[in-house]
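Engineer: Got a sequence here, can you model it:
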Amino acid sequence: AAYSVSDAVATYYLYMKYIHDFIFALCSIIPYGPDDVLRKGSGTLCESLLMNQAAHANVLFPNKHMDPPLEFHEATNRLVEQSTYEGARVECM
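Structural biologist: All right, here's what the predicted structure looks like:
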């Protein structure tokens, strides 16, 4: 693969003309830095903007749903699919 200086220069000018100002405009209204704005999807950015505006307007909004973390068995390191009880003992009669 040959490196083309003219392609790099053209890409830089396209970035500065169309993307640079847009990214920093988003950073001024969404509480993220430029790197995070570039990495996050449009749904996450929209959600962050709505939550930011709601906080400024003193509007209550529910907490984001968080799935419980996965549990692994200590000895075998296997996934615990369902943990219904702890400390039980099974005895043979």
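Engineer: The residue nearest the centre of the chain and Met51, how far apart?
Structural biologist: Geometric centre of the chain, nearest residue: Lys40, 6.0 Å, by Cα atoms, centre = their mean. If you measure Lys40 against Met51 using Cβ to Cβ, to the nearest Å, the figure is 13 Å. For the C-beta atoms, the positions are set from N, CA and C on the backbone; glycine is no exception.
Engineer: try Leu14
Structural biologist: With distances taken as Cβ to Cβ, Leu14 is found 32 Å from Met51.
Engineer: out of those two, which sits in the busier spot?
Structural biologist: Met51 (15 against 11; other Cβ atoms under 10 Å).
Engineer: Name the single longest helix found in this protein.
Structural biologist: If you go by DSSP state H, the chain has its longest helix at helix 42-56.
Engineer: List of residues touching that one?
Structural biologist: For helix 42-56, the external contacting residues (Cβ atoms under 8 Å, 6 or more residues apart in numbering) are Leu26, Ile29, Ile30, Pro31, Tyr32, Val37, Lys40, Leu60, Phe61.
Engineer: Helix, strand, or coil at the first one?
Structural biologist: Reduced to three states with DSSP: H, G, I helix; E, B strand; the rest coil, the structure at Leu26 is helix.
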